[in-house]
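A.B. asks: the following comprises the amino acid sequence and a computationally predicted model.
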Amino acid sequence: MTGHVRFWRWYRTIPILLMLLVAGLTFGQITLPGSLVRRYLLPIEYKDEILDSSARHGVDPLLVCSIIRCESGWDTHVTSDAGAVGLMQIMPSTSGELAEYGLVDAGVYDPANLEDPATNIEYGCAYLQQLSSVLGSTDEVIAAYNAGPGSVEEWLSSGGDITDAIKFPETALYLMRVNESYKRYAQFYTETLSER
C-alpha cells in the first residue's frame, strides 16, 4: 500500500514540475539578454532563403520562422510519420501540386528535394500563399497549414471564429504554439529578420 501512495504522490507532482519548467522558461525569455534568447531560444537560420521566398509569395517572414520553429525546430532532415519532410514539413504530394499549378518553378526548386532548405522554404511559402488566397485570417491559414484547408473550411461552415471552431486538439495546440512563437519572434526581430 505504501508504494501505491508514493506512486500517486509522484504522479501528481509531474504536472506541477512541468508548469514550473514552463514558467521558468517564460521568465528566462523575459530576463535573459536578447542575444542569448535569439541564439538559443529563437534562432533564425536560412535568413536569405526565408526573405527571398516570403517576398516572392507575399507572406510574412516572421510567420515562416514561427512555422519552421514549431514544425521542425530548424531540422532540415526531419520527416514526420505522415511523410512530411524538412524545415516546413511539406508533404511530397503538396510540393508536386504546387509545382504542377505553377506556384513554384520546379526547374529551380525540385519538388522531390524537400530536404534542401531553400527548396523546402520555397514550397512552404507557396503553400502559405495558396492558403492565404482562400482563407480569411492568419489564424485560419495556420490552422489549415496543420489540418488542411478542407478541415478549416468545414469548421468555419458552422460559423464563428476559427479558434472556437477547431475540432482537433492537435490543431488548437499548433495554432497556439505558432502564435506564441510569432509574438516572440516579433519581439526580438524586425520584418527583415534583423535583430531588434
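C.D. replies: In hand now; what should we look at?

A.B. asks: which helices and strands does the host helix or strand of Ala118 pack with?
C.D. replies: Element membership for Ala118, per DSSP states H and E: helix 117-134. Secondary-structure packing of helix 117-134 (3 or more C-beta pairs under 8 Å, 6 or more residues apart in numbering; DSSP states H and E): helix 47-57, helix 61-71, helix 92-100, helix 138-147. Backbone N, C-alpha and C define where each C-beta goes, glycine included.

A.B. asks: contacts for that helix next, please.
C.D. replies: The contact list for helix 117-134 (C-beta atoms under 8 Å, 6 or more residues apart in numbering) reads 45-46, 49-50, 53-54, 56-59, 63-64, 67-68, 76, 85-88, 90, 94-95, 98, 101, 103-104, 109-111, 113-114, 140-141, 144-145, 149.

A.B. asks: tell me the contacts of the residue nearest the centre of the chain?
C.D. replies: What sits nearest the mean C-alpha location of the chain, by C-alpha atoms, centre = their mean, is Ile67, with 2.1 Å. Counting by C-beta under 8 Å, 6+ apart, Ile67 makes contact with 88, 124, 128, 142, 145, 178.

A.B. asks: ok, His57 next?
C.D. replies: By C-beta under 8 Å, 6+ apart, the contact set of His57 is 103, 125-126, 128-129.

A.B. asks: go on, Asp139?
C.D. replies: Asp139 makes contact with 161-163, 175, 179, according to C-beta under 8 Å, 6+ apart.

A.B. asks: 6 Å instead, please
C.D. replies: Asp139 sits next to Ile162 when contact means C-beta atoms under 6 Å, 6 or more residues apart in numbering.

A.B. asks: pLDDT score assigned to it?
C.D. replies: Per-residue pLDDT puts Asp139 at 98.

A.B. asks: distance of it from Ala84?
C.D. replies: Separation of Asp139 from Ala84 (C-beta to C-beta, to the nearest Å) stands at 21 Å.
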